[in-house]
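Visitor: Sharing a sequence plus its predicted fold:
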Amino acid sequence: MRALLALLALLAPLGSAKPNAGLKTWSRFSKMSYPGDKAFLYDTFPGDFVWAVGTAAYQVEGAFEKDGKGLSIWDTFTRGGNRKVTGDVGSDSYHNTQADIRAIRQLGVSHYRFSLSWARMFPNGTRGSHNEIGTNYYRTLIRRLKEIRVQPVVTLYHWDLPDHLQQSLGGWSNPEMVGIFKEYADFCFQTFGDDVKIWITIDNPFVVARHGYGTGVVAPGIKSDPDLPFRVGHNLLKAHAAVWHLYDRHYRPRQQGKLSMALASHWIKPSRTRLESLRECQCSLDHVLGWFARPLFTDGDYPPCMRARLGSRLPTFTQEEREQVRGTADFFALSHGAALSFQLINDSLKFGQQEDLDLRMLLYWVNAEYDRPPIFVVQSGWYVSGTTKTEDPKHMYYLKRFIAEALKSIVIDKVNVIGYTAWSLIDGFEWHREYIIRRGLYYVDFNTLDMKREPKTSATFYRNVIQRNGFPELPENRPAQGVFPCDFAWGVSANSIQVETMPSLLADPSVYLWNISSSGPLIKLEGVSAPPLRRTANCADYYTIRQQVDEIQRVGVNHFHFSLNWSALVPTGDVADPNTTLLGYYRCFTRQLLRANVTPVVTLWHHTRQRSSLPAPLDTDNKWLNRKIPEAFADYARLCYRELGAHVKMWITLNEPNDEMVSYQEGHQMLRAHALAWRAYDREFRPTQGGQVSLALHMDWVEPAFSFSREDVEPAKRVMEFRVGWFAEPIFGSGDYPLGMRSWLRQLNSLEFKLPVFNEEDKQLVKGTYDFFAISHFSTELVAHAKEDTYTYTKMLEVQHMIDTTWIMSPRPVVPWGLRKALNWVREHYCDVPVFVMANGVQEDPARFKDSLRVYYQYNYINEALKAYTLDGVNLKGYFAYALSDQRDPGFGLYGQVHEEVIVKESLSNYRNIIQHNGFPIQGAARQQCPSSPQPCPGCHVLVKRPVVGFLTLVGSGVLITLCLIIYYTTKRHKECY
C-alpha cells in the first residue's frame, strides 16, 4: 500500500505540450555516445517503482458459457469463417483462481493487471442483465489479491464486447455505446472501487478500431467500410472521457484512484537522415499512438498530420467535446511489444520508414510529445513458439531488454516511468494467433484437465529482477585496476603480411633530382636510366618491410603475429625446391622486426574457409584426409624452422583448425600434423634455437542461456567440448578426444559424425605437444536445450543458439566478460598452462577512423583479461589485438586506408596508451618498475666481433657524409644551373 500511495503522489496533473515536441527524439539519440550509450546499464529502479504482471479475460478465463455468462464478440468471431480454434477454455482461470494467485505470489509483483469480462457480469451488455455469479468471481479474485498484498489494476474493456451489443447496435460503431459503457463502468466503480486504485478504461483502442472494424483481423471482424475505424475510434474516445468524468466527479473523492486508457504503439526510425523522413516517422506515430493520445493529453483533437492526410474521413470534435476529452487521463498507460509491433502495423502506416523495437526511444517520445506525463508501462513482453514449454530464453531476453530500456529511460533520459507490467502471467489464447504462440511467464499444459501451470525461465528471471529492483552493479561488473607483469607480451596480429618480391630500391632504374627548393616530390629525369646495380639486395631495400615494421612499431607492441603461406613457400610441395625469394623476404621481415624490438610470432598454416592454402600437389579432393599431409607439413615446418628459426622464437603450427566446417577425420590428421611439427622442433631445433611451439584455437565463449539449475549448463559445456576440447584435450590433456564428446557421438550412432580413434602410438605422439595455450577470441553466444528457431538450432548437439538482445552488435555480439570466462575454462581444464590471447578484435565500418566501438571493445576486453590474471589466477602471458590494418584484414584494423594513404585510427592510440601503462594502474599508485628493454643497435655486433672492419666502416662512413655535404652546398650555391 505504501508503494501505491507513493505512485499516486507521482501522478501529477497533466500539462500542455508543444506541437510535435517528440520530433527531437531521433536527433537526440543519434547524438548519444556510441557504443557507451548502448552498453548495459547496471542500476536499480526507484524504491516506489511498480512491478506488475497482467492478463486479459478472454485469453485466460475460459468458462465461456458457465454460470450465466453471455457470449462476447470473440465467442462469435472464433466460430465464424474457417476458424476452428476458440478461447472457450483458454487457461481456465475461472476454475483456477488459486493457481493464478500462487503464480502471482511466486513472482513477487506488487500489482496484477487483469480485465473484467463485460459479458460475464452483464450477459447482454446492459445493467438490467446483471449476473451476480460472474460479479462474485471478480470479488473473489480481488479479495485473494489483497490477501497476498498485491494491488489490482483493472481494465474495464479488453476487446471482448458482449455480442448482444454488437448484433443489436453495431458495437462501437454506434454512438449509443458511450452511454452504455458509462453505465457498465459506473457499476464496476461502485462494486469494486473501494479495492481498486488503478483503472484502465479501454485497452489498445487502435487495435479495436482499425483491426476490429477495419481490417477484420480481430473481433468483430468487420472490414466493409474503410472509414468505419475512425468513427469507432471517435466513439471510443468519447466513451473513455465520459467514464473518466464519471469517476472524477462521483468516485475519486472517496476512492482516491487513478484512471487512464491503455495506448499501444510501435516504434519507427527514419530510412534516411533527412527532415522529411523524421516528419514521416512522427506522422506514423501520430496515426497509431497520437490518434488517441493527442486528444487525451494535448488539445482534445486529432494530430494535424492525421487531419491533413485523412481530411473529411476523420470525424470532428465540437469545442465542447474537445474540452470533454482533453485531460482525461491521470497517467500515460503505454502498451508495447508483440501485440502490436511487427504484427498489426502494416506498411501503409510506416510511410516508407523502418519499424524498430525500441521501448526507450518510445518512452522518450511520449515524454517529450505529451509534456512529461507519468508513464506506466501496462503491457510489455514478447512471445515464443506454441511448442515451447518451460524453457523460453527468447522471451526472457526480450523481457530483459525492455526492462533495461525502461531503466535507462529513468536514469539517463529522466523520463517519469512509474511502473512496468510483464505480459502475460500465463499462456492463453493469443487472439488472431490463437495458440500458435505463447506469451506467458507460466507454462500452461492445455492437455491436462487442471491446466497445470509451471514457471518458465522468464518467470524466474522476472522474479529475480523484482527482488533486486533492477540490475544492481556487482563486483564482477566493475572495471578492474591493476597492471600486467613486466614481461607481458603486448602484440598485434595480422592474417598475413604484404609481400614484395623485388626490393623497391632495385626495381626502379630511373634517375631523380632532389627538389631542394621545396618539400615536394623528386624530379624524374626523362630518358635517363641508372646502370644496373651489381650488389646483392639487402633487407633495407624492401620498402614494404620498412613500412610495415614502422606501422607495427607505432602501435607500441613488443610482439607481432602473422602467417606464412605454405602454398607459396613450397609451391611444388617438395621442401627441397622452396621459393627462395619468398623465404628471403620472410627472413628479412623477421630480422627487421627484431631490430625494432618486436618479437615475431609466426604461424605455419592459417586455416581459412575460402581456400586450403595447401601446396597445389597436396590440394586434391581429399585435402587433409590425405595421410601424406601430416608428414609433408612436418617437412615444411622443418624448412621454416631452419630458415627462419634464428629470428623466430615463437611458432604457431596451425591457426584456428577447430572450425565447424572441418570434419572429424580432417581434424584428426591436423592433430597429427601439429604433433609431428612440434616433435620436429623439440628434437631438432629447440636445443640450438630455444623457441616455443604450439597451436592457436578459436575460442569464442558459449554461455548457458539461463543457469537456474545444473541441467541448464549442460548444453554450453557440450558445445565447448565439441568446439575447443576436440583439439585441446588430445594435446593438453589425455591424448584422446574428450570422453563426453565420444559418448555423445556414440549415442548418435551416425556414420556422418563418427569420431576417429587414436592408436597408442598416435596418443603418445599428440599428447603434450605444446609450450603454451593460444586462443583467438572475438565474441560470445548463448545456448539452450529447447528448440525455438530451426535456423539457429544444431540438431547434432541438440542446442539452440541465440544472443542476449541487450548486447551490442557489430555484427557479432560484443561481450567482454566472455573472454574472462574463456580464459578460466582453460585454467580449470589445464591448470597453470601459459595462455596467450593470440587474436582479439571487433569488426567496424572501415570508414570510421574514429572507431569508438573498437576503443570500447579494447578497453573492456583487456580489462576482463586483467581480471582473469589478477583475480582468477590465470597464467596469462600475452594479449594480441586483431588486426593491424584494414588493408589485410578489412574492418578489423588499427590502421585504415584511403586510396594509398594510411590512416591512424583512434583505437591505435588507445591501445598504445594501455600498453604504455601495462594495463590499468591504480590512480595515484607508484609507477610499475620494469627493467628497460635494450635498444637495438644493428651495427654494434660488427664492432664487437670484428674491430678492424668496424673501425674502417666508421671511417668510411665519415668520409662519405663529408662528401655528401660538400656536393649539397656546392649545388645550392649554383642551383640556377639546373
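Guide: Cool, got the structure.

Visitor: any idea how far residue 908 is from residue 855?
Guide: 10 Å (C-beta to C-beta, to the nearest Å). Glycine gets a C-beta too; all of them are placed from N, C-alpha and C.

Visitor: er, residue 748 I mean
Guide: From residue 748 to residue 908 the distance is 48 Å (C-beta to C-beta).

Visitor: more crowded one of these two?
Guide: Taking neighbours as other C-beta atoms under 10 Å, residue 748 and residue 908 compare with residue 908 leading, 26 against 14.

Visitor: before we move on, which element is that one in?
Guide: Here residue 908, judged by DSSP states H and E, is contained in helix 906-916.

Visitor: I'd like the average pLDDT over that helix.
Guide: Mean per-residue pLDDT for helix 906-916: 98.

Visitor: I would like the residues contacting whichever helix or strand comes after that helix, please.
Guide: For helix 906-916, the succeeding helix or strand toward the C-terminus, using DSSP H and E, is strand 919-920. If you take C-beta atoms under 8 Å, 6 or more residues apart in numbering as the criterion, strand 919-920 is touched by 479, 480, 481, 482, 483, 484, 862, 863, 866, 914.

Visitor: Which members of these are the farthest-apart pair?
Guide: Spatially, the most separated pair among the contacts of strand 919-920 is 479 and 484, at 14.9 Å (C-beta to C-beta).

Visitor: Now do the contacts for the residue nearest to residue 798 when sequence neighbours are not counted.
Guide: Leaving aside its chain neighbours, residue 798 sits nearest to residue 785 (6.6 Å; criterion: C-beta to C-beta, 6 or more residues apart in numbering). Taking C-beta under 8 Å, 6+ apart as the criterion, residue 785 is in contact with 391, 711, 712, 714, 715, 798, 799, 800.

Visitor: hmm, back to that, how about the helix holding residue 908 as CSV, C-alpha atoms only?
Guide: Written as CSV, here are the backbone C-alpha positions of helix 906-916 (Å, rounded to 0.1, in the frame of the first residue of the first chain):
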residue,chain,number,x,y,z
GLU,A,906,41.6,6.3,-32.6
SER,A,907,41.8,2.7,-31.4
LEU,A,908,45.5,2.5,-32.2
SER,A,909,46.2,5.5,-29.8
ASN,A,910,44.0,3.9,-27.2
TYR,A,911,45.8,0.5,-27.4
ARG,A,912,49.2,2.2,-27.3
ASN,A,913,48.1,4.0,-24.2
ILE,A,914,47.1,0.8,-22.5
ILE,A,915,50.4,-0.8,-23.5
GLN,A,916,52.4,2.1,-22.1
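
Visitor: which residues touch it?
Guide: Outside helix 906-916, the residues touching it (C-beta under 8 Å, 6+ apart) are 490, 492, 554-557, 849-852, 854-855, 858-859, 862, 881, 894-895, 920.

Visitor: element containing residue 636?
Guide: helix 629-644.

Visitor: Equivalent analysis for residue 743, please.
Guide: Secondary structure (DSSP H and E) places residue 743 in helix 739-748.

Visitor: For that helix, enumerate the helices and strands it packs against.
Guide: helix 710-720 (3 or more C-beta pairs under 8 Å, 6 or more residues apart in numbering; DSSP states H and E).

Visitor: Please state the offset of the following helix or strand past the helix it packs on from the chain centre?
Guide: As assigned by DSSP H and E, the chain's next helix or strand after helix 710-720 is helix 726-732. Relative to its chain's centre, helix 726-732 lies at 30 Å (C-alpha atoms, centre = their mean, to the nearest Å).

Visitor: start at 325 instead
Guide: OK, 325 is where the count begins now, so the last one is helix 1050-1056.

Visitor: Contact partners for the closest residue to residue 650 other than its chain neighbours?
Guide: Spatially, and ignoring its direct neighbours in sequence, residue 650 is nearest to residue 624 (3.4 Å; C-beta to C-beta, 6+ apart). Residues counted as contacts of residue 624 (C-beta under 8 Å, 6+ apart) are 641, 645, 646, 647, 648, 649, 650, 651.

Visitor: cool, residue 1102 as well?
Guide: 1024, 1136, 1163, 1164, 1165, 1166, 1206.

Visitor: what ranges do the helices span in the stretch 725-874 of the chain?
Guide: With helices called from DSSP state H, counting those that start in this stretch, the stretch 725-874 of the chain shows them at 781-792, 828-831, 867-879.

Visitor: Show me what the first one is packed against.
Guide: Spelled out, it's helix 781-792. Partner elements for helix 781-792 (3+ C-beta pairs under 8 Å, 6+ apart): helix 421-431, helix 717-735.

Visitor: Tell me the spacing between residue 992 and residue 1078.
Guide: From residue 992 to residue 1078 the distance is 11 Å (C-beta to C-beta).

Visitor: more crowded one of these two?
Guide: Taking other C-beta under 10 Å, residue 992 and residue 1078 do not tie; residue 992 has more neighbours (22 against 14).
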